[in-house]
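1. Predicted coordinates and the sequence they were generated for:
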Amino acid sequence: MATLLSPESLQQIKRLDLRARMVVRGFLQGLHSSPFQGFSVQFSEHRRYNRGDDPRLIDWLVYAKTDKYYTKRFESETNLTGYLVMDLSKSMGFTQSQSMTKFEYCTCLAAALTYLMTMQQDPVGLITFDEKMKAVLPARSRRGHLGDVMAQLSRLEPTGRTDLPASLMQLAAMLKQHSLVMLFSDLLPSIHMSNSVNSSNSTVSGDEAGGLDDVVSALARLRHGGNDVIVFHVMDEAEVNFPYDGPVQFEDSETGQTVSVDAGGFREDYLKQIEEFRDSYRAACSNLQVDYVPLDTSMPFDTALTEYLIQRQRSG
C-alpha cells in the first residue's frame with residue numbers, strides 16, 4: 001500500500017480529487033490494524049483539553065482508555081471547522097529529484113485532509129498567502145464544496161515572496177470561532193535550494209518565511225484565539241539530506257543572487273543547521289501546544305498522515 005501511496009505513484013494520477021480519495025482510502029484501510037483504530041471517534045466527538053478549559057468537562061472514560069485528556073464537544077462544537085493555509089512562496093516550487101515539488105506534495109496532502117474531514121461532515125476552508133493573505137474560500141460542509149476546494153487547490157501556483165508572520169496575524173484576526181488551522185509551508189528563513197538546470201547548479205534562497213521568533217509569535221496569537229494549529233513542515237528530500245558533491249552553485253530563487261560552495265566541506269554544517277532549524281520549531285510548537293509534523297517529499301502519503309496522527313495523540 002505504501003508503494004501505491006508514494007508521490008511517484010500518485011503523480012501518475014492527474015486529477016487531484018482522485019489522488020485524495022486514493023490516499024484516504026489507503027490510509028483508513030491501514031488504520032483498521034493500527035494503534036489508532038479509535039482515532040475517528042476521538043476526532044469526531046472530542047477535542048483536546050486545552051489550558052483554560054473547565055476540568056469538569058474532561059471525559060474520564062476516554063482518559064482511562066488513552067491516558068490523554070479530551071473534553072466532550074458540545075452540540076455547537078460537533079463540526080470542527082478546518083482551514084487549509086497554503087504557502088505560495090516560489091521556494092515551494094522546488095524539487096531536486098523527487099516526482100513532486102514541495103508545493104505539489106502539500107497540495108496532495110491538503111486534498112487528502114479535505115477529503116477526510118468532509119467524510120466527517122466537518123466544514124473546510126482554504127486560505128493562501130504570499131506577502132499577505134490572498135484567496136479565501138469560506139469553510140463549508142455542503143455537498144459540492146469538496147469539489148470547490150479541489151478545483152481551487154488545482155489552480156494554485158507558488159510564485160511569490162512571502163511574509164508568513166504577517167499572514168498568520170491576519171488569519172488570527174479573521175477567525176471568529178474555534179478552528180483547526182492546518183499550515184503547509186517549508187518555513188525556510190534563510191538557506192534553501194530552488195530549481196535548477198541540473199544537480200550541479202542547485203540553488204539556495206533567502207529570508208522568505210520570516211524569522212523563527214516572528215513566526216512563533218504569530219502561532220501564539222492563533223492559539224490565544226482558541227484555535228488548534230497543525231504545522232506541516234514540508235521540505236524537499238534534497239533539502240533534508242543534501243545529496244551534493246564537489247563545487248555547487250546555489251541561487252536565490254527570488255533575487256537571483258548566487259553563492260558557490262564545496263558541497264563536501266559544506267555538508268556537515270548544513271545538515272547540522274537543518275537539524276537545529278527543525279528542532280527549534282519542534283520545541284517552540286510543543287511549548288505552544290501546536291502540532292508540528294516534519295515531512296519531506298519522499299514520504300508516502302499514508303506515512304505523512306500517520307505522522308500527523310502521532311502528533312495529535314501526543315499532544316492530546
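-> On my side now, so go ahead.

2. How about G226: what's its closest non-neighbour residue?
-> By the measure of C-beta to C-beta, 6 or more residues apart in numbering, the closest residue to G226 outside its immediate chain neighbours is H178, 4.8 Å from it. Bear in mind the C-beta positions are built from the backbone N, C-alpha and C, glycine included.

3. quick one, phi/psi of the one you found?
-> Note on H178: backbone dihedrals following degrees, to the nearest 10 are phi -60, psi 120.

4. Could you check how far it is from T118?
-> Separation of H178 from T118 (C-beta to C-beta, to the nearest Å): 19 Å.

5. With neighbour numbers in mind, choose between those two.
-> T118 (20 against 16; other C-beta atoms under 10 Å).

6. per-residue confidence for the residue nearest to G226?
-> Looking at H178, its pLDDT stands at 87.

7. Would you quantify the distance from it to A139?
-> 12 Å.

8. Which residues are in contact with each of those two?
-> Jointly contacting H178 and A139 under the rule C-beta atoms under 8 Å, 6 or more residues apart in numbering are T81.

9. what residue lies at the spatial centre of the protein?
-> F232 (2.2 Å; C-alpha atoms, centre = their mean).

10. wouldn't that residue be in contact with L295 here?
-> Yes - taking contacts as C-beta atoms under 8 Å, F232 lies within contact range of L295: 6.2 Å.

11. okay, and the common contacts of those two?
-> By C-beta under 8 Å, 6+ apart, F232 and L295 have these common neighbours: 109, 304.

12. By mean pLDDT, which helix or strand of the protein comes out lowest?
-> helix 39-45 (a mean of 46; mean pLDDT, DSSP states H and E).

13. Does T118 lie in a helix or a strand, and which?
-> T118 belongs to helix 102-119 when elements are defined using DSSP states H and E.

14. For that helix, name the packing helices and strands.
-> Helix 102-119 is packed against helix 7-10, helix 16-31, strand 81-87, strand 124-129, helix 145-155, strand 179-185, strand 228-235, helix 301-315, with contacts defined by 3 or more C-beta pairs under 8 Å, 6 or more residues apart in numbering; DSSP states H and E.

15. tell me how far the third one is from the chain's mean position?
-> Strand 81-87 has its average C-alpha position 9 Å from the chain's average C-alpha position, going by C-alpha atoms, centre = their mean, to the nearest Å.

16. helices and strands around that strand, which ones?
-> Strand 81-87 packs on helix 102-119, strand 124-129, strand 133-140, helix 145-155, helix 164-174, strand 179-185, going by 3+ C-beta pairs under 8 Å, 6+ apart.

17. For the residue nearest to G226, list the residues it contacts.
-> 77, 81, 226-228.

18. Of the residues you listed, just the buried ones, ChimeraX syntax please.
-> A single ChimeraX command selects the buried members of the contacts of H178 (16 or more other C-beta atoms under 10 Å):
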select :81,227,228
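
19. Output the below-cut-off pLDDT ranges for the stretch 51-200 of the chain.
-> Residues of the stretch 51-200 of the chain meeting the criterion pLDDT under 70: 62, 64-66, 72-79, 189-200.
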